[in-house]
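S.K.: Sequence and predicted structure are below.
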Amino acid sequence: MTTTAPVRFDPLDPVFWADPYPTYRRLRNEDPVHFVADRGYWVLSRFDDVFGAATDGTTFSSAQGLTFEEDEIAKLGLTPTLVMMDRPRHTDYRRLVNRLFTPTRVSELEPEVRAFARARLAAMAEAGGGDFAVELAGPLPSLVVAHYLGVPESDRSTFGRWSSAIVSANASGQILHAREALTELYGYFTELAATRRRAPGDDMLSVVVRAEVDGRPLGTEEVLGFCFVMIAGGNDTASGLLSGTAVALTENRRQRRRLVEDPALTAVAVEELLRWTSPVQGLSRTTTRPVQLRGHDVAAGAKVHMLFASANRDEAEFGADAEELDVTRAPRRILSFSSGPHHCLGAAAARLQGRVVLEELLSAMPDYAADPAQGRLSPGPFTRRFESLPLVASG
């Protein structure tokens, strides 16, 4: 008689990170409120539990950081950013910039996004392929973030280098490794913010340098916090979606063929690809009071990790075929952007990039093949995206 070892969650294990979904399935089925004893945090893997924690900001606080580790932003001595605030403070700061991220406002970016994607993909098609992550899935989100922050085109190459370093470090939970890039970038934005105070534009930086909270203007550290949130959060979700999409539609060619034959499905397909790829695999909260979860007593002050990627494949929410990609599914609700007060501010911008790139990719190279085995994933444990992804135009 054989026995199965208890399920183990170790997001720092590169073997796990290469394919985390079997472990997620076991967590949902065997141990949906899992305790990582050697690190001292809890893990939620079922949709209802993750959704409940994400929407209950009173019990599950963001003010102690979004990882299951000690807050590394605090180690840098920075003011807490928007994503590390609870209501009502979070509401006060978020409402300053909400209007910049509505679907209508985001749609104004489409011509620039499409021109960039079309040019990069045309060059790759002519060359017979290339590195999809390096050529498109990484640079395009950086372009969008630079646009929002009002970075002049002449500075975007340098901005892209800083942005790449910060996104990689933040995605792996090692933001301290990007200290040099952070210092240089914060110095740059301190100067740019001063310029925007004198000569404002219509970008986010211009909005926040002129904004007030509680009757006072935002301080420099608060302005820089908005910049950090845009860079750290605005790049990795979109980059993960784009690279994950290229892989998903290589591995599921029948689904790709449906999109080639019926491009009208693209917007629905993006929702399904967001669900299936779940670029942000999980984020953490801290309990503000003792709480019981499926019979487990979780103490106040405990770290609770919400596995969005597992929840997005929960059969109880999405049906018996939840593990399968179906570009016609039209999921009613997904957790790729979290939910509740911390629903991702840039969700509409990520969706726009996903739709435009999917349309242009299938137009330029309908028979492409991505090779994840020869690619390189960004290290875990939070955002799953490819830093390198070889792709051939026809395969």
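M.R.: Thanks, I have it. Numbers count the residues shown, from 1 in each chain.
S.K.: Please make it C-alpha for all contacts and neighbour counts, starting now.
M.R.: Noted.
S.K.: Helix or strand: which one has His34?
M.R.: Using DSSP states H and E, His34 falls within strand 33-36.
S.K.: Can you name every helix or strand that that strand contacts?
M.R.: Contacts defined by 3 or more CA pairs under 8 Å, 6 or more residues apart in numbering; DSSP states H and E place strand 33-36 against strand 41-44.
S.K.: got the buried residues for the strand it packs on?
M.R.: Residues of strand 41-44 classed as buried by neighbour count (16 or more other CA atoms under 10 Å): 41-44.
S.K.: Now do the helix or strand following it: everything it contacts.
M.R.: Next helix or strand after strand 41-44 toward the C-terminus (DSSP H and E): helix 47-55. Residues outside helix 47-55 that contact it (CA atoms under 8 Å, 6 or more residues apart in numbering) are 44, 59-60, 306-308, 310-312, 314, 316-317, 335, 338-342.
S.K.: next one: stretch 127-134
M.R.: Here stretch 127-134 has contacts from 124, 239, 243, 386-394, using CA under 8 Å, 6+ apart.
S.K.: And that stretch, end to end?
M.R.: End-to-end distance of stretch 127-134 (CA to CA, to the nearest Å): 15 Å.
S.K.: Please apply the same query to stretch 333-346.
M.R.: Start-to-end span of stretch 333-346 (CA to CA) is 17 Å.
S.K.: Please state the offset of that stretch from the chain centre?
M.R.: How far stretch 333-346 lies from its chain's middle: 10 Å, per CA atoms, centre = their mean, to the nearest Å.
S.K.: In that stretch, which of the residues would be classed as buried?
M.R.: Residues 334-339, 341-342, 344-346 are the ones in stretch 333-346 that count as buried (16+ other CA under 10 Å).
S.K.: Of the contacts of helix 47-55, which belong to strands?
M.R.: 44, 60, 306 (DSSP state E).
S.K.: With distance to Gly52 and pLDDT as new columns, can those residues be given to me in JSON lines?
M.R.: Output for those, formatted as JSON lines (distance: CA to CA, whole Å; pLDDT from 0 to 100):
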{"residue": "Leu44", "distance to Gly52": "10", "pLDDT": "98"}
{"residue": "Phe60", "distance to Gly52": "9", "pLDDT": "97"}
{"residue": "Met306", "distance to Gly52": "10", "pLDDT": "98"}
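S.K.: Let's have the residues you listed in JSON lines, adding distance to Ser378.
M.R.: Shown next, in JSON lines, are these (distance: CA to CA, whole Å):
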{"residue": "Leu44", "distance to Ser378": "23"}
{"residue": "Phe60", "distance to Ser378": "28"}
{"residue": "Met306", "distance to Ser378": "20"}
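S.K.: just curious, which of these is nearest to Phe116?
M.R.: Met306 (34.5 Å; CA to CA).
S.K.: burial of the closest one, as a residue count?
M.R.: Look at Met306: counted by other CA atoms under 10 Å, it has 30 neighbours.
S.K.: returning to what we had before: just put the buried residues of stretch 333-346 in TSV and tack on pLDDT.
M.R.: Shown next, in TSV, are these (pLDDT from 0 to 100):
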residue	pLDDT
Ile334	97
Leu335	97
Ser336	96
Phe337	94
Ser338	93
Ser339	92
Pro341	91
His342	90
Cys344	91
Leu345	91
Gly346	92
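S.K.: returning to what we had before: among the contacts of stretch 127-134, which are in helices?
M.R.: Using DSSP state H, the subset of those located in helices is 124, 239, 243.
S.K.: Pro20: which of the residues you listed is nearest?
M.R.: Using CA to CA, the ones in helices among the contacts of stretch 127-134 come closest to Pro20 at Ser243, 16.7 Å.
S.K.: okay, now that closest one: neighbour count?
M.R.: Count around Ser243 with other CA under 10 Å applied: 28.
S.K.: so it touches Leu391, yeah?
M.R.: No - judged on CA atoms under 8 Å, Ser243 makes no contact with Leu391 at a distance of 10.4 Å.
S.K.: What are the boundaries of the strands in the stretch 101-250 of the chain?
M.R.: In the stretch 101-250 of the chain, the strands defined using DSSP state E, counting those that start in this stretch lie at 129-131, 212-213, 216-217.
S.K.: Save those as JSON lines, and put in mean neighbour count, mean pLDDT and distance to Pro263 too.
M.R.: Compiled in JSON lines, those are given as follows (neighbours: other CA atoms under 10 Å; pLDDT from 0 to 100; distance: least, CA to CA, whole Å):
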{"stretch": "strand 129-131", "mean neighbour count": "20", "mean pLDDT": "98", "distance to Pro263": "23"}
{"stretch": "strand 212-213", "mean neighbour count": "13", "mean pLDDT": "91", "distance to Pro263": "45"}
{"stretch": "strand 216-217", "mean neighbour count": "11", "mean pLDDT": "92", "distance to Pro263": "47"}
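S.K.: How about the backbone phi and psi for the residue nearest to Ala347 when sequence neighbours are not counted?
M.R.: Nearest residue to Ala347, sequence neighbours excluded (CA to CA, 6 or more residues apart in numbering): Phe337, at 6.6 Å. When read as degrees, to the nearest 10, the backbone of Phe337 gives phi -110, psi 20.
S.K.: what's the answer for Asp38, then?
M.R.: Dihedral angles of Asp38 (phi, psi; degrees, to the nearest 10) stand at phi -70, psi -10.
S.K.: What separation do you get for it and Asp10?
M.R.: Separation of Asp38 from Asp10 (CA to CA): 10 Å.
S.K.: More neighbours: these two, which one.
M.R.: More crowded of Asp38 and Asp10, by other CA under 10 Å: Asp10, with 16 against 6.
S.K.: How about the contacts made by that one?
M.R.: Phe16.
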